[in-house]
Structures are given as C-alpha cells and as structure tokens.
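J.: Task: produce atomic coordinates for the following.
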Amino acid sequence: MQLRAKSVTDSQYVWLSEQALECCRRHGARLLLNAPPSLALALKVDGVHLTVSTRCVP
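T.: Just a heads-up that it's a prediction; the model follows:
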C-alpha cells in the first residue's frame with residue numbers, strides 16, 4: 001500500500017503511518033510512504049515512493 005497524505009501535519013502523518021503499518025502487517029501487505037527516506041527508516045516501513053526531488057540515501 002502507498003500512503004500519501006499531503007494535507008496533514010507531520011505528527012498526524014506519523015500517527016497515520018503507524019496505523020497503516022499495523023494494518024498492513026496484519027494482512028501481509030507492504031507499506032510505502034510518500035515521505036522522506038529518513039522517516040521510512042525510523043518507522044520501519046517497507047519503502048518510499050521515489051520522486052524526482054527525492055534524494056538518495058547513502
């Protein structure tokens with residue numbers, strides 16, 4: 001699943017990501033975030049949606 005929520009605050013996005021990750025884990029799905037790679041690493045999701053403006057993580 002890909003989570004994209006442009007109109008929420010950072011803290012709301014983190015909460016929503018945690019809820020989505022819990023749901024994905026229960027159902028055997030993977031979660032990708034439309035967020036900085038550092039957030040994806042911190043939340044231990046499965047990946048990020050890369051865009052032209054997304055910087056690579058070394």
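
J.: All the helices of this protein, residue numbers only.
T.: Taking DSSP state H, the helices of the chain run over residues 10-27, 37-43.

J.: just for the protein, where's the confidence low?
T.: For the chain, the stretches flagged by pLDDT under 70 are 53-58.

J.: ok so, going back, using TSV, please lay out the helices of the chain together with mean neighbour count and distance to residue 2.
T.: Yep, even glycine has a C-beta here, placed from its N, CA and C like the rest. As requested, the helices of the chain are exported to TSV (neighbours: other C-beta atoms under 10 Å; distance: least, C-beta to C-beta, whole Å):
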stretch	mean neighbour count	distance to residue 2
helix 10-27	13	10
helix 37-43	14	12
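
J.: so can I have TSV of those showing distance to residue 1?
T.: Output for the helices of the chain, formatted as TSV (distance: least, C-beta to C-beta, whole Å):
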stretch	distance to residue 1
helix 10-27	6
helix 37-43	13
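
J.: Now do the end-to-end distance for stretch 4-16.
T.: 10 Å (C-alpha to C-alpha, to the nearest Å).

J.: Residues touching that stretch, excluding its own?
T.: 3, 34, 35, 39, 43, 49 (C-beta atoms under 8 Å, 6 or more residues apart in numbering).
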